[in-house]
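Novice: Provided below are the primary sequence and the corresponding predicted coordinates.
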Amino acid sequence: MNMNPPPVNSQPIEFVNRLRQEAAHEPEPVNTQAPTKETQIIAIYGKGGIGKSFTLANLSYMMAQQGKKVLLIGCDPKSDTTSLLFGGKACPTIIETSSKKKLAGEAVSISDVCFKRDGVFAMELGGPEVGRGCGGRGIIHGFETLEKLGFHDWGFDYVLLDFLGDVVCGGFGLPIARDMCQKVIVVGSNDLQSLYVANNVCSAVEYFRKLGGNVGVAGMVINKDDGTGEAAAFAANAGIPVLAAIPAHEDIRRKSASYEIIGRPGSTWGPLFEELATQVGLAPPVRPKPQTQDELLGLFSADSVGRNVVLEPATTFDMMGRDDLVKPTLEVIYDAA
């Protein structure tokens, strides 16, 4: 019978000794200097199809070529914000990936949802399938997932959020309502519908400013500018600057349709996006002056918007093909005392 005691494992003792040595060192003093780097979080709003994703893909690409660290987040349920940046390839969305990982009992990691090209980091929040959920709730869930991944600790110079502007659901107004961004940029064109959406965004910003919010509008990007001037007039009336006017040019349309980035240094349209990148970084958030419906209509000629149309009330005969019969009432009416 072996009476020798079992050998002592020295690893736990060594580990404890290392911990004691580390604890003996005085901690580094707290840094009390002013921060040298601040992330600008900018939400871009506009009517569906107005060119937000086109503008953001080229803007983010140009910013990255200028040495900035940029994160582009698509917050549109169509999940097409990053398609131009990635040459038409679909980017796995946070909501879809989160659901699959949850079913598998796994946690979502950065590499599952964030992808990069030439210095631009990009991701898509995504949204529910048609008829199967709330798009705004999907936005909220997406940002909750980003916070779990350490969103507020990421060291980006710019975070650009692509939001649908013609949906009034609260989830799409999250950056404005909860001060999740410092400033808003609206994308519009010389048509009434896009300016109507831009005006709604300005109204939302003004509403939450009255409630104590801090978000302001940094300016407007005019896309598909045909030179008629309605968008520029709206911006002047709303008290916001025009950051850039992207012309309605066939070369831009053709290259965008083939998923080609035109915001490259040294290219034909490079100077346009270089100036836009500079303006976006420097433009301060301002408090806009939302326009009334009549003021919006006043930007256009009467013939183009039907401003001379007179509202004609409908009658019962129009609805039923006969005049309304006045039936005696059964209501009991008491004489005044």
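Specialist: Nice, thanks for sending it over. Nothing here was measured: the structure is a model prediction, and the numbers come from that model.

Novice: where exactly do the helices run in this structure?
Specialist: 11-24, 52-65, 94-103, 110-113, 135-148, 174-177, 192-210, 230-238, 250-257, 270-282, 293-297, 302-305, 316-320 (DSSP state H).

Novice: Show me what residue 159 is bridged to.
Specialist: Residue 159 has these beta-bridge partners by DSSP bridges: residue 41, residue 71.

Novice: circling back to that earlier point, would you turn the helices of the chain into TSV with distance to residue 220 and mean neighbour count?
Specialist: In this view, the C-beta of every residue, glycine as well, is placed from N, C-alpha and C. TSV is the format used below for the helices of the chain (distance: least, Cβ to Cβ, whole Å; neighbours: other Cβ atoms under 10 Å):
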stretch	distance to residue 220	mean neighbour count
helix 11-24	55	9
helix 52-65	11	26
helix 94-103	29	17
helix 110-113	31	15
helix 135-148	23	18
helix 174-177	16	21
helix 192-210	7	20
helix 230-238	5	20
helix 250-257	18	14
helix 270-282	11	18
helix 293-297	14	13
helix 302-305	20	12
helix 316-320	43	10
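
Novice: how about those in JSON lines, adding distance to residue 333?
Specialist: As requested, the helices of the chain are exported to JSON lines (distance: least, Cβ to Cβ, whole Å):
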{"stretch": "helix 11-24", "distance to residue 333": "90"}
{"stretch": "helix 52-65", "distance to residue 333": "60"}
{"stretch": "helix 94-103", "distance to residue 333": "60"}
{"stretch": "helix 110-113", "distance to residue 333": "69"}
{"stretch": "helix 135-148", "distance to residue 333": "50"}
{"stretch": "helix 174-177", "distance to residue 333": "50"}
{"stretch": "helix 192-210", "distance to residue 333": "45"}
{"stretch": "helix 230-238", "distance to residue 333": "53"}
{"stretch": "helix 250-257", "distance to residue 333": "69"}
{"stretch": "helix 270-282", "distance to residue 333": "68"}
{"stretch": "helix 293-297", "distance to residue 333": "42"}
{"stretch": "helix 302-305", "distance to residue 333": "48"}
{"stretch": "helix 316-320", "distance to residue 333": "24"}
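
Novice: so which of those helices comes closest to residue 79?
Specialist: Of all the helices of the chain, helix 94-103 sits nearest to residue 79, with 8.7 Å by Cβ to Cβ.

Novice: Tell me which of the helices of the chain sits nearest to residue 40.
Specialist: Between these, helix 270-282 lies closest to residue 40; by Cβ to Cβ that is 6.9 Å.

Novice: so how far is the closest one from its chain's centroid?
Specialist: Taking Cα atoms, centre = their mean, to the nearest Å, one finds the center of helix 270-282 at 19 Å from the center of the full chain.

Novice: could you dump that helix to CSV, C-alpha only?
Specialist: Presented in CSV, the C-alpha positions along helix 270-282 are these (Å, rounded to 0.1, in the frame of the first residue of the first chain):
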residue,chain,number,x,y,z
GLY,A,270,-15.3,62.8,-56.5
PRO,A,271,-15.1,66.5,-55.7
LEU,A,272,-18.9,66.6,-55.1
PHE,A,273,-18.7,64.0,-52.4
GLU,A,274,-15.4,65.4,-51.0
GLU,A,275,-17.3,68.7,-50.4
LEU,A,276,-20.3,66.8,-49.0
ALA,A,277,-18.1,64.9,-46.6
THR,A,278,-16.6,68.2,-45.3
GLN,A,279,-20.0,69.9,-45.0
VAL,A,280,-21.5,66.9,-43.1
GLY,A,281,-18.7,67.0,-40.6
LEU,A,282,-18.7,70.7,-40.0
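
Novice: all numbers from here: first residue = 321
Specialist: Got it, first residue is 321 now, which makes that one helix 590-602.

Novice: And that helix, what does it pack against?
Specialist: helix 372-385, strand 536-545, strand 562-567 (3 or more Cβ pairs under 8 Å, 6 or more residues apart in numbering; DSSP states H and E).
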